[in-house]
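K.L.:
Turn this into a structure:
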Amino acid sequence: MAGLRERKKEQTRQRIAAVALRMFTERGFDAVTVNEIAEAAEVAKATLFAYFPTKESLVLHGVGGDDLAGIAARRPAGQTFLEALRAHHRALALAAGRLPRADLDALLARVRVIESSPVLRNAANGLLYQQRQALARVLAEEYGPTAAALVAAQIAASLLTLQEMYFQRLLAGASADDTARTLARDVELTFDLLEHGLGHAGGR
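P.N.:
Okay, the predicted model is just below:
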């Protein structure tokens, strides 16, 4: 029964998020109220907030969700934190190449909604800042607070740029397959640069 309850909860969460995204795409984030979303999703407002505590979280769920700090902290003995992060993002690039078209379209719709709203852009930046701070706290145990803060900032900026380039290519009309292949190459370049510096840029 517990498994059934969890599946139903997840279905409700997905339905609310899908309805919200459709309404935000059609009318803009600021023009849609939480009451309207709850009514369209056929749930009580309290139920909506049980799944999404703020209006912004209806769009931003998953933004800054990569647990960079956790990946670094839980890495196996003998593996550097950059090796662990590289392996994680290799897997993400592989997953991007297998993303169903409907999921990809929904992801791009979310990107458009975020980009069109200053409120959402600021909120997304706040989530990414929290992600960077958490990584810095983990790295501080090995490198000290100043070096850890600088390294975490460099990693976060690199990964954000990687993500932005991926979405820009898709929004410009590149095919999902070509974009995923380019992302896989860019992941390797990104971590080569993080590990070894500009000497490994290779003129690419």
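
K.L.:
Please enumerate the helices of the protein.
P.N.:
Per DSSP state H, the chain carries helices over the ranges 2-27, 34-41, 45-51, 57-60, 68-73, 81-96, 101-115, 118-143, 145-171, 176-196.

K.L.:
Return the most buried member of these.
P.N.:
A comparison of the helices of the chain by mean neighbour count, using mean count of other C-beta atoms under 10 Å, puts helix 57-60 on top with a mean of 22. Heads up, the C-betas are built off the backbone N, CA and C, glycines and all.

K.L.:
Packing partners of that helix?
P.N.:
helix 2-27, helix 101-115, helix 118-143 (3 or more C-beta pairs under 8 Å, 6 or more residues apart in numbering; DSSP states H and E).

K.L.:
Could you export the ones you listed as TSV, including mean pLDDT?
P.N.:
Output for the helices and strands packed on helix 57-60, formatted as TSV (pLDDT from 0 to 100):
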stretch	mean pLDDT
helix 2-27	91
helix 101-115	91
helix 118-143	94
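
K.L.:
Can you tell me which of those is nearest to residue 176?
P.N.:
Among those, helix 101-115 comes nearest to residue 176, with 5.8 Å by C-beta to C-beta.

K.L.:
quick one, that closest one and helix 118-143 angle?
P.N.:
100 degrees (axes from the mean of the first three to the mean of the last three C-alpha atoms, to 10 degrees).

K.L.:
gap between helix 101-115 and the chain center?
P.N.:
Centroid separation between helix 101-115 and its chain, computed with C-alpha atoms, centre = their mean, to the nearest Å, is 12 Å.

K.L.:
just how off-centre is stretch 60-72 within its chain?
P.N.:
Centroid separation for stretch 60-72 versus its chain: 7 Å, with C-alpha atoms, centre = their mean.

K.L.:
okay, which residue is most central for the protein?
P.N.:
In the chain, the centroid-proximal residue (C-alpha atoms, centre = their mean) is residue 63; its distance is 3.8 Å.

K.L.:
Spit out the contact partners of it.
P.N.:
Residue 63 sits next to 114, 124, 127-128 when contact means C-beta atoms under 8 Å, 6 or more residues apart in numbering.

K.L.:
now the helices and strands packed on helix 57-60 as TSV including distance to residue 159?
P.N.:
Converted to TSV, the helices and strands packed on helix 57-60 look like this (distance: least, C-beta to C-beta, whole Å):
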stretch	distance to residue 159
helix 2-27	24
helix 101-115	16
helix 118-143	9
